[in-house]
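Enquirer: Return atomic coordinates for the entry below.
(one chain, ligands or ions: 1)
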Amino acid sequence: MKTFKRLLQFAQPIGGFLTPYILLSILGSIFSVANFAMIMPVLDTIFNSLGDSAKPEKLMVLGDFEWYDLTNWKAYGYQFLNQMIAEGGDDAKMKVLYYVCGTTVIFSLLSNLLRYATARLREWMRARTVARIRSSIFDKVVLMDNAFFSSARKGDLMSRATNDVQAVEGAIMHGITTFFKEPIQLIIFFYALFNISTDLTLFAFILIPVSGGAISFIAKKLKRHSKKTQEMAANLLSILDEMIGGMRVVKAFNSESYMKEKYEVENKRYVRSFQKEASRRELASPYSEVMGGVFISILIIKGGSLVLTDASLTGSEFIAYISLFTQVLNPAKAIAGAIGNIQRGLAAGDRILEMLDVEIEIKDKENAKTLEVFDDKVSLENVSFAYEDKKVLKNINLDIPKGKTVALVGPSGGGKSTLSDLIPRFYDPTEGKITIDGEDVKDFTLHSLREKMGIVTQESILFNDTIFNNIAFGTSNASREEVIEAAKIANAHDFIMAMEDGYDTNIGDRGMKLSGGQRQRLSIARAIFKKPQILILDEATSALDTESEKLVQKALEYLMQNCTSLVIAHRLSTIQHADEIVVIKDGEIVEKGTHDHLLLQKGVYHKLQSMQKM
Ligand SMILES: Nc1ncnc2c1ncn2[C@@H]1O[C@H](COP(=O)(O)OP(=O)(O)OP(=O)(O)O)[C@@H](O)[C@H]1O
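Expert: Got it, this is the predicted structure:
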C-alpha cells in the first residue's frame, strides 16, 4: 500500500482527475443499471402481465415520491406503460415494446458513452503519471554518483526504466479502475439488487467473502514470484547490452556461441520463472469464472424458491435480478484480476522506488558557493581514496598552480585516472581534501566547479547527434563561428568539412561513424569550445596517429598555455615540457620534478623513459 501511495504521488494533483472520473463512473453505473432493469417491462409486456393491473387510485407524479427508492421508479414507469396500453388500440402492447426497446437502446448508448469517457480520462491519467515516473528516473540517473554505475549493471538500470515502468503502468491503470471505479459500480449495482430483493442480496453477501479470501491468497503468492522474474528480465537485458557493446570482441574471439549459451541459460531461467508466474496469474481468471458459476447457480436456487414458494418476487424481477447480478460479477472479477496485476506492478514499483531512493552523496551542500574565479592553485591535501574496500590513492599531496601544467605518469593501475576524477568531484576523497585557492571544493556548487573544467578522457564519449551539437554539447545558443574555431584548434575542421553534411553530419551511436582518432579530436574540440580554466587530459592523444598527434599536441599546448592543466600520459614524449611531472605508483607519489630533474634521479621515471625508448 505504501508503494502504491508513493506511485500515486506521481499522479498529483489527483483531485482534478478524480472528481470527474468518479462523477462519470456514478452516472455510467446508473445508466447501466437502468439498462438492465428494462428487461422487466420487456418480459412483462411479452408475458401479458402489463395492462392487467387495476387502475391506481391516485396517479404518481414525478418529483412526488422518494427518488432513492427504486421500487417507486418502477411503479412510475409501469403506470406510464399501463396508461399507454389503456389509451392505445389493438397493437398497444407492440407499441409499448417498441417504446421500451428504444429506451433500452438510449440507456445502453449513454452508459457506454460514459464508460468511454471514463476510460479516456483514465488513459490520460495513466500516460501522465507514467511519463512523470520515467522523467524522475532519468533525472535521478543523471544525478547519480559515478560509484553507482560501477557497482550497478547497466542492464539492470535499463530494465528498471523500461520493463518495470511498463509493469507499473499496468498496475496504475488497474489500480485507478479497481480502487476508484469498480467499488462505485459495485455499490450502485448492489443498491439496485437490494431494491429488487433484500433477502436474496443478503444471501449473496454471505458467499462473497469466501471467494475474496481465496483470491487474495493467490495474489500474495504471485507477488513473491514476481520480483524474481523482473530481476531475470534485467539479467537478459544486461547480457544483450554487453553483447552489443562488445560485438567486435565477441566476433574477434569467436565467442558467439559462448555468448549465445550464456543468453540461452538466462533466457530459459526467465521463461521458467515467467511461466510459473503466469500460470498463477492466469489462475485468477478461470478461478473467478468458476466461482461465478457456482454463485449464480446457488442464487438461482434461492431466488427460484422466492418466486415459486414465497411469491415475494415476480418472474420478471427475478430475471432482472440475475442479469444484474451477472454484471456485479464483472467489477468483482475485475478487482480479482487487478489484484494480481497490481501486485506485479507493485513489485516493479518497489524496484523503481528503490532506484529513486538511492542516496546521492556527491551533491551541493547547503549554502554552497559559486566558484567565481580561480586565482592561485588547485591542491590535494593528504588525499586518500578507496573504491569500496580497495585503497587506490594513499596520502597524496600535490599542488597544481594556476597556469602551470602538471603531468601524471606511472605504471598502469597506479591511480592516475582516479586522482584526476577527484578534482571535478566525480568521486570524493575518503580522506583529506581538495582545495581551490584554499577552499574545499565541497564548498562550491558542482555546477560552478565543473563549469571551470574541460575534460578529455581516454575513451571519447560522444552522442548520437550532429558534429555541431557534440562540440557545443550542453550549450543551447552556441555560435557556429565558435564551434568551427574549436574544431580548427583540435585539428578536426578538415575531416568535418570532408563529411557529407559537414558540421550537421550525424555521427551515429557513440560516434560509431567516425574513426578512433576523429572521435578523439571531436572530444578535444568539445573541451576547447568550453574555454576551461582547468584542463584535465587523460590520455587525450592515445588514439591519434603520430601525424595527427603532433598537430593535436600543438593545439593542446596552445590551449595549455592559457590553462591550468593536469595531463595523464603514457607516452612520455607528450609531457616532457610539463612544469612538473608526478610519478604515481601503487597509489602513492614516488617522484616529482621536471623532466631533466627526474631523468637525473634515475628512478621510476627514468626506467619508464628507457623502456619507451627500446
Ligand atoms: N570503478 C572502479 N571500481 C573499483 N576499482 C576501480 C575502479 N576504477 C579503477 N579501479 C581500480 O583502481 C586502481 C587505479 O585505477 P586507475 O584507473 O586510477 O589507474 P591508472 O593509473 O589511471 O591506470 P591506467 O594508466 O591503466 O589508466 C586500479 O587497480 C583499478 O583496478
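Enquirer: Helix or strand: which one has the closest residue in space to Phe65 that isn't next to it in sequence?
Expert: Excluding the flanking residues, the one nearest Phe65 by Cβ to Cβ, 6 or more residues apart in numbering is Asn72, at 4.2 Å. Where you see a C-beta, it was placed from the backbone N, CA and C, and this is true even at glycine. Secondary structure assignment for Asn72, by DSSP states H and E: helix 70-87.
Enquirer: buried set for that helix?
Expert: Across helix 70-87, burial judged by 16 or more other Cβ atoms under 10 Å covers Leu70, Trp73, Lys74, Tyr76, Gly77, Tyr78, Leu81, Asn82, Met84, Ile85.
Enquirer: What angle do helix 70-87 and the helix or strand that comes right after that helix make with each other?
Expert: Where DSSP H and E defines the elements, the next helix or strand beyond helix 70-87 is helix 92-143. On the basis of axes from the mean of the first three to the mean of the last three Cα atoms, to 10 degrees, helix 92-143 is oriented at 140 degrees to helix 70-87.
Enquirer: what is the mean pLDDT for helix 92-143?
Expert: Throughout helix 92-143, pLDDT has a mean value of 89.
Enquirer: for that helix, the distance to its chain's centre please.
Expert: Distance of helix 92-143 from the chain centroid (Cα atoms, centre = their mean, to the nearest Å) equals 25 Å.
Enquirer: by contact count, what packs against that helix?
Expert: Other elements packing on helix 92-143 under the criterion 3 or more Cβ pairs under 8 Å, 6 or more residues apart in numbering; DSSP states H and E are helix 2-8, helix 15-37, helix 39-46, helix 70-87, helix 165-176, helix 315-356.
Enquirer: Now tabulate the buried residues of helix 70-87 in a markdown table and tack on pLDDT.
Expert: What follows is these, written out as a markdown table (pLDDT from 0 to 100):
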| residue | pLDDT |
| --- | --- |
| Leu70 | 80 |
| Trp73 | 83 |
| Lys74 | 79 |
| Tyr76 | 80 |
| Gly77 | 81 |
| Tyr78 | 79 |
| Leu81 | 79 |
| Asn82 | 79 |
| Met84 | 78 |
| Ile85 | 78 |
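Enquirer: can you redo these as CSV with distance to Leu537?
Expert: CSV is the format used below for those (distance: Cβ to Cβ, whole Å):
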residue, distance to Leu537
Leu70, 82
Trp73, 84
Lys74, 87
Tyr76, 89
Gly77, 87
Tyr78, 92
Leu81, 92
Asn82, 96
Met84, 94
Ile85, 98
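Enquirer: and which of these is nearest to Phe190?
Expert: Checking those against Phe190 with Cβ to Cβ, the nearest one is Leu70 at 11.9 Å.
Enquirer: residues in contact with that closest one?
Expert: Ala37, Tyr191, Ala192, Asn195, Ile196 (Cβ atoms under 8 Å, 6 or more residues apart in numbering).
Enquirer: quick one on the thing from earlier: adding distance to the ligand, write the helices and strands packed on helix 92-143 out as a markdown table.
Expert: Listed next are the helices and strands packed on helix 92-143 as a markdown table, based on distance: least, Cβ to the nearest ligand atom, whole Å:
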| stretch | distance to the ligand |
| --- | --- |
| helix 2-8 | 31 |
| helix 15-37 | 44 |
| helix 39-46 | 71 |
| helix 70-87 | 70 |
| helix 165-176 | 27 |
| helix 315-356 | 19 |
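Enquirer: Extract the CA atoms of the helix or strand hosting Ile589 and return them as PDB.
Expert: Using DSSP H and E, Ile589 sits within strand 588-593. Presented in PDB, the C-alpha positions along strand 588-593 are these (Å, rounded to 0.1, in the frame of the first residue of the first chain):
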ATOM      1  CA  GLU A 588      51.500   6.900  -4.000                       C
ATOM      2  CA  ILE A 589      53.600   9.800  -5.300                       C
ATOM      3  CA  VAL A 590      57.100   8.300  -5.700                       C
ATOM      4  CA  GLU A 591      58.800  11.100  -7.600                       C
ATOM      5  CA  LYS A 592      58.200  14.700  -8.600                       C
ATOM      6  CA  GLY A 593      60.100  17.200 -10.700                       C
END
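Enquirer: Run the contact check for that strand versus the ligand.
Expert: No: shown here: strand 588-593 not in contact with the ligand (Cβ under 6 Å from any ligand atom), separated by at least 11.7 Å.
Enquirer: Show me what that strand is packed up against.
Expert: Helices and strands touching strand 588-593, by 3+ Cβ pairs under 8 Å, 6+ apart, are strand 390-401, strand 580-585, helix 595-601, helix 604-613.
Enquirer: low-confidence ranges in the stretch 201-350 of the chain?
Expert: For the stretch 201-350 of the chain, the stretches flagged by pLDDT under 70 are 207-226, 284-285, 288, 292, 333, 336-337.
Enquirer: Residues of the chain that sit close to the ligand?
Expert: With the criterion set to Cβ under 6 Å from any ligand atom, the chain comes near the ligand through Ser150, Tyr387, Lys390, Val392, Ser412, Gly413, Gly414, Gly415, Lys416, Ser417, Thr418.
Enquirer: How about the contacts made by the second one?
Expert: Under the criterion of Cβ under 8 Å, 6+ apart, the neighbours of Tyr387 are Ala147, Ser150, Thr418.
Enquirer: Mind doing that once more with 10 Å?
Expert: Ala147, Ser150, Ser151, Thr418, Tyr427, Thr430 (Cβ atoms under 10 Å, 6 or more residues apart in numbering).
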